[in-house]
Every structure is written in C-alpha cells, then in structure tokens.
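Novice: Sharing a model that was predicted from the sequence below.
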Amino acid sequence: MGAMRKKRYGVQQSAEADEAGLRMGPRSLAQCWADQMEGNVRVETLDPAGCTGEQITAFCTLVRLGCEVASAGLGDRVRQAVRLVFLYDEGKLAGVAAIKRPHHSYRQRVFKSAAVELARGSYSLELGWVFVDENHRRRGHSTRLVEAAMASVSVADVFATSRSNNVAMHKSLERHGFKRSGNDYPSTRKKGTLRLFTGRPPNNEYLGSSGQVSRSRSRR
C-alpha cells in the first residue's frame, strides 16, 4: 500500500502573526499548526508556547548532539522561537528544526561575515536548529523538516546557514527556494566554514480572518 500523507491547516490568524508573515495554529496559537504523516513518519509544527517541558527538553537534546550551538541558555532560546518542528520516525523523535527570530546583531554578523549586504528590516527570520539523529539519516528527513518549517511562514524573508561541506542540507535548502549567498566564512563553534543561504517561503499564501487561503500581495 502506498504511503499516506495528510495535512491539517488552521483557521485563526493573529494580527501580529499576519504582520510577520506567519501562519498560525489550527486549534489555538499554542497548539500544533500542522501534522504531516507519511508512512511511519510524522511531522508536527508547533508554537513553542504550546510545547510541554518534555518536548522542549527533547528538542534541545537533539540540537545539542549537533555541537553547533551554545548549550547555555538553549532552552530559553528555543522557547522564544517562532515555530518548532518535530519529526517522528516509527514513534521516536528523529529530527528537529525551527523558525527563529534572531537578534539584529546576530543577523548583521552573519551577513557581514558572508559579505552580503543586509537591508534594514529584511531577513528577520532564520531557519535553524535542523538536525536529524544519525540513526535516521539518508531517509529524506532533513527535506521533510525544511518543508514543514517553511510551510509555516508566508511573506517574511528567511535565511539559513549550513556547514559548507553539508551537501545534503544544501540540496534540501535549494529544493525549497534557498540560494547560496555571498562567501563561505569561518565557524566560531567548530573547525571549518559556514555557508549563508537566503530565500523566501515556497508560497505567498496566508490564512485570512475568514479561514480561507488567500494570495499575499507581497512581492516575491
């Protein structure tokens, strides 16, 4: 039997979320925005405010395995994210990702390091903390995580960074509209270099107050 896939979309949109170009939750702003199921793989996109302490801890545990972020204060930063994505493979948490709203100084540092001009107010959101447990890799999970994360935003510019040698992640990002921007630059966390990718969400749709999907008038 072929893989079954389903998605559920919400009908409520806050004014703040509309301004930020974000799709909000189907049940409430603190609940799951969308579920995707494909065979034994389930992907959930959540508002951090609706996550349990156990979910936040599990998310942080996977992120720390990547050894790419400062561990101190990670839980607080995760709670301040815009969206968290959880991927379960056969019932086990196998991957995570997030849409973050990084501090302006961090955005400036990243774009300056890559020798890319950062226009005022642009690229206010970051796709990050994308990690797949090594026991569940080579199954397309990174692509599923990127897809779910990007599906939760609509008109806001989004950027991402990736290890320069992480070809699989580069392909996942490019598949969802990201393009390499600027030059590779040294990582401050581990040996090697990072690469900046910039892009917009794969669509300009947003959920209006009526609950109907409309086309955004924002320019792609």
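Specialist: Nice, I can see it. Numbers count the residues shown, from 1 in each chain.

Novice: In terms of helices and strands, where is R107?
Specialist: Assignment of secondary structure by DSSP states H and E places R107 within helix 104-113.

Novice: who does that helix touch, helix- and strand-wise?
Specialist: strand 158-163, strand 179-186, strand 193-199 (3 or more C-beta pairs under 8 Å, 6 or more residues apart in numbering; DSSP states H and E). Glycine gets a C-beta too; all of them are placed from N, C-alpha and C.

Novice: Mind doing that once more with 6 Å?
Specialist: Using 3 or more C-beta pairs under 6 Å, 6 or more residues apart in numbering; DSSP states H and E as the contact criterion, no helix or strand is in contact with helix 104-113.

Novice: right, and the helix or strand after it?
Specialist: Assignment by DSSP H and E places the next element after helix 104-113 at strand 125-132.

Novice: Indicate each strand paired with that next one and its parallel or antiparallel sense.
Specialist: With DSSP bridges as the test, strand 125-132 is paired with strand 92-100 (antiparallel), strand 158-163 (parallel).

Novice: Any stretches of the chain with poor pLDDT?
Specialist: 1-39, 155-156, 200-220 (pLDDT under 70).

Novice: Try it again at 90.
Specialist: Scanning the chain for pLDDT under 90 picks out 1-41, 65-73, 75, 90-91, 119-122, 133-140, 151-157, 175-177, 188-191, 199-220.

Novice: so where's the longest helix in this protein?
Specialist: helix 53-65 (DSSP state H).

Novice: Please identify the buried residues of that one?
Specialist: Q55, I56, F59, C60, L62, V63 (16 or more other C-beta atoms under 10 Å).

Novice: Repeat that for stretch 60-79.
Specialist: For stretch 60-79, by 16+ other C-beta under 10 Å, it's C60, L62, V63, E68, V69, L74, R77, V78.

Novice: between these, which is nearest Y123?
Specialist: R77 (18.1 Å; C-beta to C-beta).

Novice: Leaving out the residues flanking it, which one is nearest to that closest one?
Specialist: Computed as C-beta to C-beta, 6 or more residues apart in numbering, the closest residue to R77 that is not its neighbour in sequence is K100, at 7.8 Å.
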